[in-house]
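# For reference, the sequence and a predicted model appear below.
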Amino acid sequence: MQWILGIALAAAVFIVLKQWGALSPEKKKAATWKVVLVAGAAVLLFMVLTGRVHVLTAAVAALLPLLRKLPALLKFAPTVSRLFGQNRQSGFGNDDTATQHQRRQQSASSGNMSVSEACEVLGVAPDCTDDEIVQSHRRLIQKLHPDRGGNDYLAAKINEAKSVLLKRRA
C-alpha cells in the first residue's frame with residue numbers, strides 16, 4: 001500500500017513540475033501565491049481540527065489575504081451607502097431601538113393618566129393608603145422591570161401610576 005501511495009505522489013509531483021515549467025513568469029508568480037494561500041489554509045485547517053488554534057483566530061488569519069482586495073472593494077462604498085440610505089428613507093428599518101425606546105417613554109409618561117387608571121394599573125382601591133401604593137408599586141416593578149424580563153413601557157406606566165396616586169394625596 002505504501003508503494004502505491006509513493007508512486008502516486010511521485011507522479012503528481014512530476015505532473016505539477018512539468019506544468020510549472022510551461023508557465024510564463026507572470027503566471028508563475030500568480031500560481032506561487034495560490035499555492036502559498038492554499039498551503040496556509042490547509043495548515044490553518046489542520047491546526048483548528050487538532051485544537052491548536054481557535055476558530056476565530058483562524059478566520060482572521062484566513063481573511064488577511066483578502067486585504068489586498070480592500071481598495072478595489074472601497075469603490076463600491078458609495079453605492080452601498082446609497083442603497084441603505086434609500087431603505088432608511090422609504091420606511092424600511094427607519095427606527096432604531098433607541099428611538100423606539102424614547103417614543104415609548106414619551107407616550108408612557110405623557111402625564112395624562114387619571115386616578116382611576118392609576119388605581120387599575122397598580123391594582124389598588126381609590127381610597128388606599130400611601131403604604132399600599134408603595135407596596136403595590138414595588139411588587140409590580142419587581143416583576144415587570146426591564147432588567148428582569150419586563151419592558152420599558154410597562155415599567156413607565158407603573159411608575160407613572162405611582163406618581164399620580166402619591167401626588168393626589170399631597
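Noted; the coordinates are in hand.

# Let me know the next secondary structure element after the least confident helix or strand in the chain by mean pLDDT.
Lowest on mean pLDDT, DSSP states H and E among the helices and strands of the chain sits helix 97-108, with a mean of 51. Counting by DSSP states H and E, the element after helix 97-108 in chain order, helix or strand, is helix 115-122.

# For that next one, name the packing helices and strands.
Under the contact criterion of 3 or more C-beta pairs under 8 Å, 6 or more residues apart in numbering; DSSP states H and E, helix 115-122 touches helix 130-144, helix 152-169. The way it works is simple: take the backbone N, C-alpha and C, and place the C-beta from them, glycine included.

# tell me the mean pLDDT over the longest helix seen in the chain?
For the chain, the helix reaching the highest residue count under DSSP state H is reported as helix 25-49. Mean per-residue pLDDT for helix 25-49: 85.

# tell me the domain boundaries of the chain?
What automatic domain parsing lists as the domains of the chain is 2-81, 97-169.

# Now render those domains as JSON lines, adding mean neighbour count.
Converted to JSON lines, those look like this (neighbours: other C-beta atoms under 10 Å):
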{"stretch": "domain 2-81", "mean neighbour count": "11"}
{"stretch": "domain 97-169", "mean neighbour count": "14"}
